[in-house]
Every structure is written in C-alpha cells, then in structure tokens.
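Visitor: Coordinates only, no sequence provided:
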Ligand SMILES: O=C(O)C(=O)C[C@]1(C(=O)O)C=C[C@@H](O)C=C1
C-alpha cells in the first residue's frame, strides 16, 4: 500500500470518528433527557428507576440482529454495552458489589454485564455480597452460581435461603485458567500451587498429569492465589487473565482447564423487578413435603405446559433434618399467563414457593 493511499484512508477514519463522536454525544444527551423525564414523571415518594435491564437486553439484541460485519456480533454488542454503561452513568452511577478481590472472574462477569462505567466494590465472600445488597449500600451484587464442569456454587444457593433477593440478570463467562508464576519463581522447584477449590477441581486432570506430587492449596479466590505467588519463589497459581495482569505474573502454561468449554454462570442480584422482554428466564425455590412422588408432582406442571427447565438443583433446607429445597430455573417470565398458571399449580402442592426473579436471558 502506498503512503498516499494510507494517508487518504486515515483522513476518512478521522472524518468517521468525528461523526461517531458526535453521534455518541447525541445519544448521551438523549439519555440525560430520559433521566429528566423519569424524574418528572415520579409519583409522590416514588424512587426513580434509571437502570432498565429489559431495555438494555433489547438494545443489545437489536444491535446484534442489525450488525452486518465486518465486526462480529459479540464484538459490536460489547462496544454498545460500554456506550450504554457510560450513558447510564450520566443518569445514575450504579454501585455494584462482586465476589472479590480485584481480578476475579466475578469482576470480569460484572464488567461484561454492566460495562465499565460502574462503581464496583470487591467483597471478601459471597454472603457479604448478599449483605451489601440487602443493606442498600450498593444497587446490585454479582455472584457465581454454577460452573459447567464443577456444578453448583453452594454458597450462593444457600445465601438465597437467608436473604430476600431479586435476581435481575445472568451472564455467562468462558473460564480459561493458566498456571502463573512470578518474576522470582524457580520454575523447576514449584512445590505448591494455589487456587480457589473450584478452579483446582476444574484443572484436576491437567494437574495430575503435570504436577502429580505438588501440594494443591485452596485459597479464597484465584486473585488471592495470584497475590500470594508474587511474594514466593517456590509456588505457582492457577488463575485467569485479569488476575495475571493485575499481579504481573507470567503464564507457564495456558488454558489448562480440563474441559475446553468450561464456563461459569453468574447472577445479578438486587431488589428491582424486571418486566418481560419476551426472551426471559425465571428462578424459583420450592420446598415440597417429604413424601413419595413429591419431585414428580413438582415437575409435572412444567412438562404438561411444555416449559423448558434449564436447571434443577437440590440443597438441604436448613430448617429440618433430611428436608430439601429445589432451585429451579426455566424459560419464561413469571408474569406470562402460562407461567402464572404453572406457579399457581405448584404452590397448591408445595410447602413453600418463592420466585427469586425473572430476568432477560444472557445476551452477551
Ligand atoms: O431507556 C432508558 O430507560 C434509559 O435510561 C436509556 C438507557 C440507554 O442508554 O439506552 C440507559 C440506561 C438503561 O439501563 C437503559 C437504557
């Protein structure tokens, strides 16, 4: 390519950037207007709701449908995700608590869902995220709920039994683990590998094959593992990209998870009910009486109405020995007439039924 051609293309890019800039600013001014309208239409004592997950899901979906390339749909939606995040911050800067410390996959999930223009607050444990939301110190919390290799995150499920929370969103993240070392690590003398118990489990086969005799030490998070390695010469950590760059560690081995499709699903928790978008999921907790056929009775209304169950999990109820609760996720919104009917039918048979929330299916 000649210098001339390159110069001409850059002139075109500059002109386009000027247009993009003007359009983004116009969009941001529009969002400010939206905030003004929301404030003006409040009833006496009503609190304004600036964050609208159902609207955000629609915007991102439409972007993906309209996109003609060459950028991929996900890439384009990610850009719009950030624009919308900044527009919302003009209306109201969202405060989001997540399972920390900084550098965890949960932080990456929070950014994927809300964008980067939020005030984020790392918490030391899952139930602290729940407490922070319950106390009203933040607008939303982000917690892991299930992993495709290791199954349910029981701390999260149990926290739902203790706190009144509304689930208002979900996000899925591909989880890639790396074996990380610090500047001072003697790589042929590694005698300890730190990571979160879930991550150690997700890399079990790889560790058995490559470091069978090295001690595996479970710590509170992958980011904590990365932090420890920084100051030690004989240890390594299993963690992801964010923790690696945050603590300046290098990858001794990349993508060491046993399953290449290893993914984790995260939930956004808060107190805000989300209206239907037409492509939603609902999460409920149900406890049935301890009698034969109880689980069958619970599942029949879903089957009879052709409702797609996406997950069912059992946990001890914590209110009696050998009694259980079921966590169920299914496709649909609790305000849909069909779903309403199913929930009514179940509540006739159940000891207790609680709708944890209906929320748009993950777009990104
Ligand atoms: O449509 C709204 O209610 C807005 O506040 C605008 C907007 C946007 O930028 O598109 C911003 C924040 C909301 O979460 C959803 C959408």
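Guide: In hand now; what should we look at? In this text the structure is predicted, and so the values were computed from the model without any measurement. Residues are numbered from 1 along each chain as shown.

Visitor: Now the element after the host helix or strand of residue 144, going C-ward?
Guide: According to DSSP states H and E, residue 144 maps onto strand 140-147. As assigned by DSSP H and E, the chain's next helix or strand after strand 140-147 is strand 151-152.

Visitor: any idea of the mean pLDDT in that next one?
Guide: Per-region confidence: strand 151-152 scores 91 on mean pLDDT.

Visitor: Repeat that for stretch 347-354.
Guide: Mean per-residue pLDDT for stretch 347-354: 92.

Visitor: you'd agree residue 329 is in a helix?
Guide: No. Applying DSSP: H, G, I helix; E, B strand; the rest coil, one finds residue 329 to be strand, outside a helix.

Visitor: Roughly how far does the closest residue to residue 275 other than its chain neighbours sit from the ligand?
Guide: Nearest residue to residue 275, sequence neighbours excluded (CB to CB, 6 or more residues apart in numbering): residue 54, at 5.1 Å. For the C-beta atoms, the positions are set from N, CA and C on the backbone; glycine is no exception. Separation of residue 54 from the ligand (CB to the nearest ligand atom, to the nearest Å): 9 Å.

Visitor: Please tell me how far residue 54 sits from residue 337.
Guide: Counting by CB to CB, to the nearest Å, the gap from residue 54 to residue 337 is 18 Å.

Visitor: Over to residue 282?
Guide: Distance, residue 282 to residue 337, by CB to CB: 14 Å.

Visitor: More neighbours: which of the two?
Guide: With neighbours defined as other CB atoms under 10 Å, residue 282 and residue 337 compare such that residue 282 has more, 24 against 7.

Visitor: And the helix or strand that contains residue 57, what does it pack against?
Guide: Assigned by DSSP H and E, residue 57 falls within helix 53-66. Counting contacts by 3 or more CB pairs under 8 Å, 6 or more residues apart in numbering; DSSP states H and E, helix 53-66 is packed against helix 73-91, strand 352-360.

Visitor: And the helix or strand that comes right after the longest one, what does it pack against?
Guide: Sequence-wise, the next helix or strand beyond helix 73-91 is strand 95-99, with elements assigned using DSSP H and E. Helices and strands touching strand 95-99, as assessed by 3+ CB pairs under 8 Å, 6+ apart, comprise helix 105-114, strand 119-123, helix 126-134, strand 140-147.

Visitor: so which of those comes closest to the ligand?
Guide: For the ligand, the closest of those is helix 105-114, at 9.3 Å, according to CB to the nearest ligand atom.

Visitor: and that closest one with helix 53-66, angle?
Guide: Helix 105-114 and helix 53-66 meet at an angle of 80 degrees, taking axes from the mean of the first three to the mean of the last three CA atoms, to 10 degrees as the criterion.

Visitor: Other residues contacting helix 105-114?
Guide: Counting by CB atoms under 8 Å, 6 or more residues apart in numbering, the neighbours of helix 105-114 from elsewhere in the structure are 81, 85, 94, 96, 98-100, 118, 120, 122, 140, 142-144, 169, 171, 173, 175, 222, 240, 242, 264, 266, 268, 364.

Visitor: same thing with stretch 341-357?
Guide: Taking CB under 8 Å, 6+ apart as the rule, stretch 341-357 contacts 160, 165-168, 273-274, 282-289, 294, 297-298, 301-302, 305, 307, 334.

Visitor: Distance from the chain centre to that stretch, please.
Guide: 26 Å (CA atoms, centre = their mean, to the nearest Å).

Visitor: What is the end-to-end distance of that stretch?
Guide: 16 Å (CA to CA, to the nearest Å).
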